[in-house]
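1. Could you work out the structure for the sequence below:
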Amino acid sequence: MMFEALSGKLSGVFDRLRRRGALNETDVAEALREVRVALLEADVALPVVKDLMTKVRDRAIGQEVIRSVSPAQQVVKIVNDALVEALGGGDDDNGQRGLDLNAPSPLAILMVGLQGSGKTTTSGKIALRLRTRERKKVLLASLDVHRPAAQLQLEQLAGRAEVTSLPIVAGQSPLEIAMRAMDVARRELYDIVILDTAGRLAIDEALMAEVAAVKVATKPHETLLVVDAMTGQDAVNTARAFQEKVGVTGIVMTRVDGDARGGAALSMRAITGAPIKLLGAGEKLDALEDFHPDRIAGRILGMGDIVSLVEKASETIDQADAEKLAIKMQKGQFDLADYAKQLQQIGKMGSLSGILGMLPGVGKLKAQMADANLDTKILTRQAAIIGSMTPKERRTPDIIKASRKKRIASGSGVTVQEVNRLLKQFDDMSAMMKRMNKLGQKGMMRGGLAGLLPPGLKGGGRPF
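-> A predicted model of the protein is given here:
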């Protein structure tokens with residue numbers, strides 16, 4: 001995940017600071033040197049690193065840190081504030097997040113960028129987002145006449161997003177397609193027109209002239225540059241060139257779920273002046289999220305992003321199912337069929353490592369999670385195991401003995417050991433729920449978490 005290496009290094013720096021308790025100026029200066037190296041290794045542009053470190057040093061090497069009750073936490077806060085500013089937040093942030101749709105219909109969104117950056121897929125993602133979240137009537141139009149498959153690709157994406165694709169007319173120029181799209185949108189009362197322009201393998205005059213002509217003719221309210229986070233500083237150079245020659249209102253970074261070092265994201269606002277508006281994380285059409293500087297800074301510093309996690313959960317988890325499940329849990333009627341539903345709901349939220357990455361402090365456990373192959377594949381395998389059981393076995397797992405385990409393992413393509421592991425996890429979960437029900441709310445308040453522990457562990461000893 002983007003920023004993972006940077007997050008790990010910064011966490012190490014701040015952990016060492018916390019162990020020292022009281023800090024002097026030498027301690028702070030040494031920590032800031034390490035922060036500087038970590039930023040440079042993350043491929044952050046040198047001018048951005050210099051500016052960021054000057055701001056941090058001016059605030060950190062002062063009496064308010066040295067005399068602070070918790071100096072290490074004060075340094076973390078100063079670094080956090082500087083990162084938020086570098087990412088485009090802070091005092092000058094006007095609260096605008098995501099796309100600006102405050103304009104008369106039909107509103108045009110012009111998609112620009114180099115070939116291979118994920119521009120066409122991103123156009124489909126934005127179309128789906130506008131249809132489902134904003135309840136907008138969307139028209140998608142491909143202006144890419146250079147790649148024969150590009151227009152067909154966008155047509156397929158429009159079908160998946162359940163929006164309209166402008167019919168293909170052979171022989172038309174990009175400018176003619178754009179004008180036809182705007183005309184159709186006006187006559188058929190579309191709210192949004194997404195114009196997907198052609199890309200090139202590199203920036204050239206022909207590309208810029210084509211994009212500029214379309215922009216002048218259609219007067220888009222948003223001109224979004226799509227850049228690949230994996231290309232590092234090349235993405236920043238691309239953004240600078242488009243900003244200077246065409247002018248962009250925002251940037252969409254794609255492939256942020258890969259192992260990009262994150263330097264491009266930290267450099268983008270300072271170098272180009274254009275804000276990052278959206279992040280693309282994955283090939284699925286719903287894998288698009290708003291860019292929040294404060295939340296991203298929190299993830300970098302290992303403070304998590306609970307707000308985004310809650311938002312993701314509220315979008316994907318069925319509220320009615322969740323309430324029914326809560327009632328069953330309270331009555332002690334939770335079975336393997338319910339467990340399978342839970343696995344399905346979690347799977348909709350994305351990869352487990354991505355979800356856990358939003359929790360505070362989990363960054364330190366990344367290596368352990370990687371060793372455990374913690375990902376949605378585990379959820380899929382467990383769902384397959386439960387799917388191979390009979391309805392009776394799901395309701396009463398106690399009847400699953402050796403011969404049944406072999407049949408279930410064979411039917412789901414796993415080993416008997418994996419079936420045993422799932423049943424053990426379910427038993428542990430059921431036992432905890434029973435203890436919670438037995439204690440009740442007052443008992444939980446009196447005994448705390450100790451009340452949930454098995455009897456042999458309550459005194460800190462080992463069960464026999």
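2. list the contacts for the residue nearest to Ala337 when sequence neighbours are not counted?
-> Here the nearest residue to Ala337 in space, its sequence neighbours aside, is Arg394; by Cβ to Cβ, 6 or more residues apart in numbering that works out to 4.4 Å. The C-beta positions use only the backbone N, C-alpha and C, and glycine is treated the same way. For Arg394, the set of contacting residues under the criterion of Cβ atoms under 8 Å, 6 or more residues apart in numbering consists of Asp335, Leu336, Ala337, Ala340, Ile386.
3. next one: phi and psi at Ile192?
-> In this entry, Ile192 is assigned phi and psi values of phi -130, psi 140 (degrees, to the nearest 10).
4. Spit out the contact partners of it.
-> The neighbourhood of Ile192, defined by Cβ under 8 Å, 6+ apart, consists of Leu101, Ser105, Pro106, Leu107, Ala108, Ile109, Ala127, Leu130, Lys136, Lys137, Val138, Leu139.
5. before we move on, back to that, go ahead and list the helix or strand containing the residue nearest to Ala337.
-> When elements are defined using DSSP states H and E, Arg394 is found to belong to helix 391-395.
6. which outside residues touch the helix or strand just after that helix?
-> Scanning forward in sequence from helix 391-395 by DSSP H and E, the next helix or strand is helix 402-412. By Cβ under 8 Å, 6+ apart, the residues outside helix 402-412 that reach it are 381, 384-385, 387-389, 393, 400, 415-416, 418-420.
7. Export only the CA atoms of helix 402-412, formatted as CSV.
-> Output of helix 402-412 as CSV, limited to C-alpha atoms (Å, rounded to 0.1, in the frame of the first residue of the first chain):
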residue,chain,number,x,y,z
ALA,A,402,-14.1,-36.8,11.1
SER,A,403,-16.0,-38.2,8.1
ARG,A,404,-18.0,-35.0,7.6
LYS,A,405,-14.8,-32.9,7.9
LYS,A,406,-13.3,-35.0,5.1
ARG,A,407,-16.4,-34.5,2.9
ILE,A,408,-16.4,-30.7,3.6
ALA,A,409,-12.7,-30.3,2.9
SER,A,410,-13.0,-32.2,-0.4
GLY,A,411,-16.1,-30.2,-1.5
SER,A,412,-14.4,-26.8,-0.8
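8. if we can go back for a sec, ok, the residue nearest to Ala337 to Met433 distance?
-> Distance check for Arg394 against Met433: by Cβ to Cβ, to the nearest Å, it reads 17 Å.
9. before we move on, what about Gly280?
-> Using Cβ to Cβ, we find Gly280 at a distance of 39 Å from Met433.
10. Mind checking which of the two has more residues around it?
-> Gly280 (24 against 18; other Cβ atoms under 10 Å).
11. who's in contact with the closest residue to Lys55 other than its chain neighbours?
-> If you skip the residues right next to it in sequence, Lys55 has Ala82 as its closest partner in space, 4.9 Å away by Cβ to Cβ, 6+ apart. Neighbour list for Ala82: Leu52, Lys55, Val56, Arg59 [criterion: Cβ under 8 Å, 6+ apart].
12. Go again with 7 Å.
-> Contacts for Ala82 were tallied using Cβ atoms under 7 Å, 6 or more residues apart in numbering; they are Leu52, Lys55, Val56.
13. quick one, phi psi at the last one?
-> Dihedral angles of Val56 (phi, psi; degrees, to the nearest 10) stand at phi -70, psi -50.
14. that older thread, quick check: which element contains the residue nearest to Lys55?
-> Taking DSSP H and E as the definition, Ala82 sits inside helix 71-86.
15. any idea of the mean pLDDT in that helix?
-> Mean pLDDT, helix 71-86: 84.
16. moving C-terminal of it, what's the next helix or strand?
-> strand 107-112.
17. Quick check: next helix or strand after that next one?
-> Counting by DSSP H and E, the element after strand 107-112 in chain order, helix or strand, is helix 119-132.
18. list the helices and strands that next one packs on?
-> For helix 119-132, the packing partners by 3 or more Cβ pairs under 7 Å, 6 or more residues apart in numbering; DSSP states H and E come out as strand 107-112, strand 138-142, helix 148-161, strand 192-196, strand 288-290.
19. that older thread, for the contacts of Ile192, pick the one with the most neighbours.
-> The member of these that has the most neighbours, counting by other Cβ under 10 Å, is Ala127 with 28 neighbours.
20. Spit out the contact partners of that residue.
-> Ala127 is in contact with Val138, Leu140, Ala158, Ala161, Val163, Ile194, counting by Cβ under 7 Å, 6+ apart.
21. which among the contacts of helix 402-412 end up buried?
-> Of all those considered here, the ones buried according to neighbour count by 16 or more other Cβ atoms under 10 Å are Arg381, Ala384, Ile385, Ser388, Met389, Glu393, Ile400, Glu418, Val419.
22. As a check, name the ranges of all helices in the stretch 301-450 of the chain.
-> 306-316, 319-330, 336-348, 352-356, 366-371, 376-387, 391-395, 402-412, 416-447 (DSSP state H, counting those that start in this stretch).
23. worst average pLDDT in these?
-> Checking each of the helices of the stretch 301-450 of the chain, the one with the poorest mean pLDDT is helix 366-371, at a mean of 51.
24. Domains of this protein: list them as residue ranges, please.
-> Domain assignment of the chain by automatic domain parsing yields the ranges 4-86, 107-303, 310-446.
25. tell me the contacts of the closest residue to Leu285 other than its chain neighbours?
-> Counting by Cβ to Cβ, 6+ apart, Leu128 is the residue found nearest to Leu285 once chain neighbours are left out, at 4.8 Å. The contact partners of Leu128, by Cβ under 7 Å, 6+ apart, come to Ala161, Leu285, Asp286.
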